[in-house]
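Q: dropping the sequence and predicted coords here.
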Amino acid sequence: MNKKIAVLTSGGDAPGMNACIRAVVRSGLKTGCDMYVVYDGYKGLVEGKIEQVDRNFVSDIINRGGTILRSARLPEFKEEAIQKMAIKQLKDFGIDSLIVIGGDGTYRGARDLSHRGINTVGIPGTIDNDIASTEYTIGFDTCCNTICECVDKIRDTTTSHQRCTFIEVMGNKCGDLALYSGVAEGVEMIITPDDPITDENVFNKLKSLKGGKKKHSLVIVSEKIYPNIFEFVKKVTQETGIETRAEILGHLQRGGSPTSKDRIEATRFGIAAVKAILDGETNICLGLRNGQIVRIGIDEALEMKRQTHPELLDAIKLVNR
Ligand code: F6P
């Protein structure tokens, strides 16, 4: 009998999710599986928003941002009764395996389903790059490029007015978006959870820059460091005498057409997820290690501690001190 595989996206959407859905559906069909999609993440799974699809369903989506399957956050998915409703839906459709594309929260849902006997495979998809079991998550490269485009524009006006601008970027509790885009933009300071820095040090560093030739500065800050960045920059202005502004890039960081890197990694992950199911290896998630796709037990993956890239950590220290 044909394998019946479903795919869903959950948590914050990320550019490249569509390319991944496409790869899952097309490689599944090519290898003789019946392919299903679930709309609206785990919420849609519980509600039975499931549909069997053919190859045309995923035509012309490789270049599209967002997720055609839509996404949702469902904190209640922790509850046994809700999980059992999801399992019933899968059984009613005769689906034997589920591929989930998302972040840690999505993986936790997959782990719970796997503990209840559902074959699951997780694919890392989030702009945050914050999953410990992989060195790369789908969407991160596009998001870094989007941030760089915005910072380039902010740089123009910051230079013209000889100001300082703090740019707050996403990342949840992970500093990678700030770190990578900050290094790529050559900004004056990068403030992330990886390199805690006191307010006093921030003021001193900005004052020392003011004494030099360059009369403007850009600072990239991870979200959740300052409870209110607009209040903080008022303080910066007061303490340093430098006219300082703040920009929160917000959800525009999650949109846009995926870069070629995200399309390619998403395609590799999608093909590898179907292959893992056909090999009989499930209750895993996929990760990239030294550029190779690896399979990791979902329980183990969720216990792993994330390491920030050591050379980039050195870079941040050089910038901030
Ligand atoms: O996980 C992706 C992410 O964009 C985080 O960077 C951010 O903290 C969060 O999602 C925002 O979530 P929401 O779109 O639900 O406000």
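A: Perfect, thanks for sending it.
Q: for residue 130, give me its contacts.
A: Residue 130 is in contact with 103-104, 137, 171-174, 176, 306, counting by CB atoms under 8 Å, 6 or more residues apart in numbering. The way it works is simple: take the backbone N, C-alpha and C, and place the C-beta from them, glycine included.
Q: actually residue 308, not the one I typed
A: 175-176, 179, 194.
Q: surely residue 17 is in contact with residue 66?
A: Yes: if you go by CB atoms under 8 Å, residue 17 and residue 66 touch, sitting 7.3 Å apart.
Q: of those two, which one has the most company?
A: Neighbours were counted for residue 17 and for residue 66 using other CB atoms under 10 Å; residue 17 has more, 30 against 19.
Q: got phi/psi on the nearest residue to the more buried one once chain neighbours are set aside?
A: Once flanking residues are discounted, residue 17 sits nearest to residue 67: 4.2 Å by CB to CB, 6 or more residues apart in numbering. As for residue 67, its main-chain torsions (degrees, to the nearest 10) stand at phi -140, psi 130.
Q: the ligand contacts on the stretch 1-150 of the chain?
A: 12, 103, 126-128 (CB under 6 Å from any ligand atom).
Q: what pLDDT is listed against the residue of the stretch 101-250 of the chain found nearest the ligand?
A: Going by CB to the nearest ligand atom, the ligand is nearest to residue 170 of the stretch 101-250 of the chain, at 3.3 Å. The model reports residue 170 with a pLDDT of 98.
Q: can you pull the contacts of it?
A: 127-128, 143, 177, 223, 249-250, 253-254 are the contacts of residue 170 under CB under 8 Å, 6+ apart.
Q: now do 7 Å
A: Counting by CB atoms under 7 Å, 6 or more residues apart in numbering, residue 170 makes contact with 127-128, 177, 223, 253.
Q: leaving out chain neighbours, which residue sits closest to residue 124?
A: Ranked by CB to CB, 6+ apart and with sequence neighbours excluded, the top spatial neighbour of residue 124 is residue 137, at 4.1 Å.
Q: please apply the same query to residue 180.
A: In space, and not counting its chain neighbours, residue 180 is closest to residue 144: 5.0 Å by CB to CB, 6+ apart.
Q: and the residue lying closest to residue 298 once chain neighbours are set aside, how many neighbours?
A: Using CB to CB, 6+ apart and skipping the chain neighbours, the partner closest in space to residue 298 is residue 111 (4.6 Å). When neighbours are counted by other CB under 10 Å, residue 111 registers 18.
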